[in-house]
Structures are given as C-alpha cells and as structure tokens.
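Peer 1: fold the following and give me the result.
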Amino acid sequence: MPKRRDLKNKLKVYSHNNSNNNSNDNTHYQQQQQQQQTAGRSSLTTSSISVSERITKLRVEQLRAERNRQQRQQEEEQGQGKGKSSSNNNNNDSFYTMTSSSSTSSSTLSFSPRVAGPAPPPSWTRQAIVRKAPAAQRLEPPINSLCSQCAQLATDIVVQNPRLISTLSIATKQHVLNRLGLRLTDRLLSYFRTDEHYSQLNLHSAPISFTWFVRCFWKIEPFLSSKNNKNDQEDDWVADDWEEEEEEEKKYEEEEYYVRYMYDPSLDWALEPVIHLFNQPVDQEHLLLTPLSVKLISLDLSFIPLPGYAVSLIIATLPHLSDLAMAGCFTKDPGLVIMARQMKQLKSLNIGYHGWLDLSTIEPIDWKRDLLKLQWLNVSMCGQDFRSGEVIAQHIMEHCSRRQLHIDFSSSSTA
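Peer 2: Presented below is the predicted three-dimensional model:
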C-alpha cells in the first residue's frame, strides 16, 4: 500500500510539470512568431525605402546628365557663333526640383545646373546612331562585261560553224573579229563580207592575205556605169511595184555615201595591182569603192604582211580614218610622206617595228602642215638597231610645236 501511494504522488507531480512546460513552450512560440512578424515588417519597410531612394537618385542623376549635355551643346554653339536666344538663356537658369516621398520618410531634392559629381553613364548621353544609306557610286563596266562574254562565246561558235556569222549584228561581228586573232583565216574572213558599215576592224596578227582582204571589202566598177549614166538609165526604168522601187532608192542612197575613187591609168600607177586583182584592164578608168569608207574610223593591220600599194589604197578609199595601226607590216617605205600629207584626220598612228624606218624617212614630213590632228605616234623598235625611235622623237618635237602630241619610242613596248 505505501508503495502504491508513492507512485500516485510521483505521477501527479510529473503530470503537473508537463502541463507547465507545455504552457511555457506555447508562450515562447508565440513570442517568436511576434518577433518574426515585427522583423518582416521592418525589413519590408527598409527595402521599400531603399528602392525608392535608389529610384530617386537615378532620376536625379539622369536629369543632371541631361542638363549637363544641354549646356555643353550650348557652349559649343556659342563658341561657333551660333548662340541661342535670350529665352533659352532664361530657361538655362531654372532649377529642376524633384520630390520623393515614401510611407516612412519624404525628402525634397533641388540642384542647380552645375552639379558636381561623376560623369553620367554613356547610355544616358549617347545619341542614337543614324545609319546613312550608302552614297550612290557610278558603276564602271567590269573588264569581263556581258558584251565581252557574249562575244567570246560567239567567237568559239563561229569558228566551228562559220555560217552563223550572217546572223550576228555588226557590233558583234566587230567584237568577234577582235578576238579571233590567229584563228582568223581567209576562208573565215569571207563570211564577214557584208554591205553593212563597220566602224572598226581589228585584225592584229591575223594570218590572212591582204589580197583576200581587198577582195572581201572592196569592189570595182567601170567608169561608164557611174552615177551620170545610171541617172540616164533610170529615166526609162519602171519598177514593178512600189516596194521594189523603195528598196532600189534605199540602196542607191546608201551607195551615195561611199567614197568613189576614180582610177586614172596615167596617174594612179600605184593602184595597178588592185585593178589586176579584179581582172580589169589597167588602161581604162575605173571606180574603186568600199562600204568601209562610210563609218570606218579605226583599222589595225599590225603584223600582217602588206604590199606597198596598201597605203595607196587606204589613202584613196578610206580618208576618214582616225586610228591606223600598221606596225611590222612593210619591208620598205610604202610612202609615209604621201600618207602624212593626204590623211588629215589621223589622231593615232602606229608605224613601229620597222627596220627601214629611221630619221632619213621622217625628215621629209612637214610637221607644221601635215598630220595636224595627230595625238599619238608609235615609232618603237625602229631602225637597224631598233633604237632609232628616240632620235625620231627628238626630231619631231624640234619641228613640231604641238604639245598634245605623244610619241612612244620605247624599245620594250609592244604594238
């Protein structure tokens, strides 16, 4: 019995202690919660205050940077004599004011235009970059232009099928002739025979004969069938229809522009080989004409073996040439003095690469009267030692007062 009572007493004491401990724990827990709530409120207040203050400072810095930028612009304009009006100066003396308020504190910030401090960030003062459109540039045609590429393709095609040459335009034919070079033969040249008017012919180093070249582009008519006799025959001629008459008139008008040179057997003995080419009697008068005389201004026959009468034929039927190249063509003087006296339209003349050409050949030319329009002369690689070009150039410059004349006498130049 006494043991049972002791146990009951101990149990009561233990239960009483537990109840006190639980109440103390609850009180402590509530106190901790209250402290945490108080700390959270204070932290929220502090954070809200710090954010608002930062925003306020950033706005103040932005306004200050903007103000300093405006003042710098005004000072630059005043330094260049572009001052602003007095109204702007009055605005420059104003002050910016900004008020920042929060739940816990409020402050009013004011500052003058000149505020000391660090430079504003670049993002606040950097002006917007305006990208200008690129300026329009004049496009120069490239070396391998479309026309050149087409001409190169046409050149390769006509070599394989010459019959297609008749379908090409006159400009394309000129480009093709310029690119054929060593592939141009007498047979292929005959396909370029046409009544159309070439403005330039570049046959540089082509393996053709001048005889065939003359047969392709020149023709001869008896003097009796000249213009006067033709007009007498037209009085009795009646066309079948108006289309035929129009074609005849057009053909006649085109032939009117041809340079007709009348061959006189008593004077033009140098042209007798040309008359023989067409199997005509040399003791009668004839008319020499070619469609090249209408528009041809540039002719390059360099390094093609030419007979002596070639110069006489060119002088007689191609008086409008302004660019003539005959480098390395003759074995002796073909008559340069006569050519210089007759061809008054020449602006460019290439007579280089001739061993017979020296000072004695050039001296008879009167440079104050002949070749007055000449601007470029090539006498390179001339003389027996191929160095007479410099002596020829000095002689010409002494007797010629034209400053626009350029003489090429380099021993290493190419024609």
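Peer 1: from here on, just use CA atoms for contacts and neighbour counts.
Peer 2: Noted.
Peer 1: got the domain ranges for this structure?
Peer 2: The record's domain parsing of the chain by automatic domain parsing lists 2-113, 146-227+258-408.
Peer 1: weakest of those domains by average pLDDT?
Peer 2: Among the domains of the chain, domain 2-113 carries the lowest mean pLDDT, a mean of 62.
Peer 1: ok, which stretches of the stretch 101-250 of the chain are helices?
Peer 2: Assigned by DSSP state H, counting those that start in this stretch, the helices in the stretch 101-250 of the chain fall at 122-125, 146-160, 170-180, 186-189, 210-217, 227-234, 242-256.
Peer 1: give me the helices and strands touching the second one, please.
Peer 2: Using 3 or more CA pairs under 8 Å, 6 or more residues apart in numbering; DSSP states H and E, the elements in contact with helix 146-160 are helix 170-180.
Peer 1: in a markdown table: the domains of the chain, plus mean neighbour count and distance to residue 120.
Peer 2: Formatted as a markdown table, those follow (neighbours: other CA atoms under 10 Å; distance: least, CA to CA, whole Å):
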| stretch | mean neighbour count | distance to residue 120 |
| --- | --- | --- |
| domain 2-113 | 12 | 5 |
| domain 146-227+258-408 | 17 | 58 |
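Peer 1: now the ones you listed as JSON lines including distance to residue 119?
Peer 2: Converted to JSON lines, the domains of the chain look like this (distance: least, CA to CA, whole Å):
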{"stretch": "domain 2-113", "distance to residue 119": "7"}
{"stretch": "domain 146-227+258-408", "distance to residue 119": "59"}
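Peer 1: next, give phi and psi for residue 259.
Peer 2: Phi and psi for residue 259, reported as degrees, to the nearest 10, are phi -80, psi 110.
Peer 1: and the one 3 residues further on, by the same measure?
Peer 2: Main-chain dihedrals, residue 262, degrees, to the nearest 10: phi -90, psi 120.
Peer 1: could you say which helix or strand holds the residue nearest to it when sequence neighbours are not counted?
Peer 2: Leaving out its chain neighbours, the residue that sits closest to residue 262 by CA to CA, 6 or more residues apart in numbering is residue 287, at 4.5 Å. If you go by DSSP states H and E, residue 287 is part of strand 286-289.
Peer 1: could you export that strand as PDB, CA atoms only?
Peer 2: Coordinates of the C-alpha atoms in strand 286-289 are reproduced here as PDB (Å, rounded to 0.1, in the frame of the first residue of the first chain):
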ATOM      1  CA  HIS A 286      37.500  52.600-163.100                       C
ATOM      2  CA  LEU A 287      35.800  53.400-159.800                       C
ATOM      3  CA  LEU A 288      37.100  52.000-156.600                       C
ATOM      4  CA  LEU A 289      34.700  51.900-153.700                       C
END
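Peer 1: for that strand, packing partners?
Peer 2: Judged by 3+ CA pairs under 8 Å, 6+ apart, strand 286-289 is in contact with strand 219-222, strand 261-263.
Peer 1: redo these as CSV? Include distance to residue 80.
Peer 2: As requested, those are exported to CSV (distance: least, CA to CA, whole Å):
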stretch, distance to residue 80
strand 219-222, 79
strand 261-263, 77
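Peer 1: compare those and give me the one nearest residue 154.
Peer 2: Closest to residue 154 of the helices and strands packed on strand 286-289 is strand 219-222 (CA to CA; 28.4 Å).
Peer 1: pairing partners for that closest one, with directions?
Peer 2: strand 286-289 (antiparallel) (DSSP bridges).
Peer 1: I'd like the next helix or strand past the strand it pairs with.
Peer 2: Immediately after strand 286-289, counting by DSSP H and E, sits helix 292-295.
Peer 1: which helix or which strand is home to residue 76?
Peer 2: Here residue 76 is assigned to helix 2-79, by DSSP H and E.
Peer 1: what do you get for residue 407?
Peer 2: strand 406-408.
Peer 1: thank you kindly, that will do.
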